[in-house]
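In: Would you be able to build a 3D model of this:
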Amino acid sequence: MSNELVFKSRSLSFGEVSLSVEPLERDPQKVPYVAWYVGEKLFYRSDACHCFEELEFFAKRTAGYKLNDSTGSAAGEPSRQLLSPEHLAPVFLMWPHRRFNVRLTDATKPEVPMMDGSAIPFFCEMRKFCGAPEELVFYDAPVHAEWDLKTPTSLRAEGEAIYGHVRITPAETFEVEYVLDRNVARDGYDLKSAASVSIYSPENLYQIFMARTFIHQVELERARAAGLLAGVDESCGLLLAAGDCATQNSACSSKFRIANEPAMHKILDLIGDLSFICPALPRVRIEITNGGHVSHHQIMEKIIPYVNAGIFTQV
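Out: Reported below is the predicted structural model:
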């Protein structure tokens, strides 16, 4: 049996992209390790997480990272990029003592396959090879921080500067309370969804892995008009229409795979953005309203000094 798992599907920009995951040896004595390759070149290694600060972050309806290679730059080559790791990265939390190589096959299409818009397809295939999930790995992150999320000045309308909020405090495990509260006046559509989780074991992650990415019809039309999302279709996630999630009692819409699926997927995105740097979770409580990949990256910047400290423990 081949020890390389291959995933193919649509991505945000392309009709088909391909990615392989190669599980390596299991070694409880080594720190959690995932190496990401774009084409044949190493892009990032989680056991050298201090190098994460060399990556340039950007958000383009997904999390993206750019690596400016001095050798390539001198030769006139464009900087390498990696986009959309946030649905695959959390799966490596399940096997923290395994080591993995991840390869995006085509460097000209550096996007992780969307599959069905959730983490479940990745998890189910990897479980066949890696076996039962292991105990999760955590690290202490005594962060106290709080800030408002504000619309960029160039996009700001009078009285609409603040659209969300983030609060981080230490906790005994990884906890998240995520609220989505979008409205027609500010966002062009109504969407209300809220969910909270406390992660102690792999079982706590499974339901989060089920949650699919989502987009409202209004957002989709805007994105298509801007030339974005050329690769997606109805198989790539959850399409919301007017009234689907406009009130707080819409938590169990018939369209949803799990209760409060939009907010649960935002929790998946948050976990994915944080675990890309290293497949371990910080012991913090995060309360976030109307967040996204930009605010997730801001959270990561608060936590990264404690990842670099490399003090990992199991619970």
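In: how far does stretch 17-33 sit from the chain's center?
Out: Remark: stretch 17-33 is offset 18 Å from the chain centroid, using C-alpha atoms, centre = their mean, to the nearest Å.
In: Report the mean per-residue pLDDT for it.
Out: Mean pLDDT, stretch 17-33: 87.
In: Could you verify my assumption that Asn290 touches Leu149?
Out: Yes - applying C-beta atoms under 8 Å, one finds Asn290 in contact with Leu149, separated by 6.3 Å. C-beta here means a position set from N, CA and C on the backbone, and glycine is covered the same way.
In: which neighbours do these two share?
Out: Residues touching both Asn290 and Leu149 by C-beta atoms under 8 Å, 6 or more residues apart in numbering: 163-165.
In: Leaving aside the residues adjacent along the chain, what's closest to Phe57?
Out: His297 (5.1 Å; C-beta to C-beta, 6 or more residues apart in numbering).
In: ugh, wrong one, I meant Gln217
Out: Sequence neighbours aside, Ala241 is the residue nearest to Gln217 in space, at 5.1 Å (criterion: C-beta to C-beta, 6+ apart).
In: could you check the distance from the one you found over to Met94?
Out: 34 Å (C-beta to C-beta, to the nearest Å).
In: neighbour-wise, which of these two wins?
Out: Neighbours were counted for Ala241 and for Met94 using other C-beta atoms under 10 Å; Met94 has more, 23 against 11.
In: which one among the shared contacts of Asn290 and Leu149 gets closest to His265?
Out: Gly164 (16.4 Å; C-beta to C-beta).
In: now the closest one: how far from Phe129?
Out: 39 Å.
In: Tell me which of those two has more neighbours.
Out: Gly164 (19 against 16).
In: which of the residues in the strand or helix carrying that one are buried?
Out: Remark: Gly164 resides in strand 162-170, with elements defined by DSSP states H and E. Neighbour counts over strand 162-170 (16 or more other C-beta atoms under 10 Å) mark 163-166, 168 as buried.
In: What of stretch 294-305?
Out: Neighbour count says stretch 294-305 has 295-300, 302-304 buried, by 16+ other C-beta under 10 Å.
In: outside of that stretch, which residues touch it?
Out: 49, 52-53, 57, 59, 63, 141, 143, 145, 147, 149, 164, 166, 168, 269-270, 273-274, 277, 282, 284, 286, 288.
In: one step back: quick check, nearest of the shared contacts of Asn290 and Leu149 to Ala230?
Out: Checking the shared contacts of Asn290 and Leu149 against Ala230 with C-beta to C-beta, the nearest one is Tyr163 at 27.4 Å.
In: Got the confidence number for the closest one?
Out: Per the predicted model, pLDDT is 94 at Tyr163.
In: Contacts only, for it.
Out: Contacts of Tyr163 (C-beta under 8 Å, 6+ apart): 149-151, 186, 290.
In: go with 10 Å
Out: 148-151, 156, 181-183, 186-187, 289-291 (C-beta atoms under 10 Å, 6 or more residues apart in numbering).
In: Now the buried members of the residues you listed.
Out: 149, 181-182, 187, 289-291.
In: Tell me which of the residues you listed fall in strands.
Out: If you go by DSSP state E, these have 149, 181-182, 289 in strands.
In: Which strand or helix spans the nearest residue to Leu229 once chain neighbours are set aside?
Out: Spatially, and ignoring its direct neighbours in sequence, Leu229 is nearest to Ala223 (4.6 Å; C-beta to C-beta, 6+ apart). Secondary structure from DSSP H and E places Ala223 in helix 217-225.
In: which residues sit against that helix?
Out: Contacts for helix 217-225 (C-beta under 10 Å, 6+ apart): 12, 61, 182, 184, 187-191, 215-216, 228-230, 232, 239-242, 244.
In: Low-confidence stretches in the stretch 101-250 of the chain?
Out: The stretch 101-250 of the chain contains residues with pLDDT under 70 at 153-160, 246-250.
In: What ranges does it have for its strands?
Out: 137-140, 145-150, 162-170, 174-182, 191-199, 214-216, 238-240 (DSSP state E, counting those that start in this stretch).
In: Make a markdown table from the ones you listed and add distance to Ser118 to it.
Out: Below are the strands of the stretch 101-250 of the chain laid out as a markdown table (distance: least, C-beta to C-beta, whole Å):
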| stretch | distance to Ser118 |
| --- | --- |
| strand 137-140 | 23 |
| strand 145-150 | 25 |
| strand 162-170 | 24 |
| strand 174-182 | 16 |
| strand 191-199 | 15 |
| strand 214-216 | 10 |
| strand 238-240 | 9 |
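In: Of all the ones you listed, which one comes closest to Leu104?
Out: Closest among the strands of the stretch 101-250 of the chain, using C-beta to C-beta: strand 214-216, at 23.1 Å.
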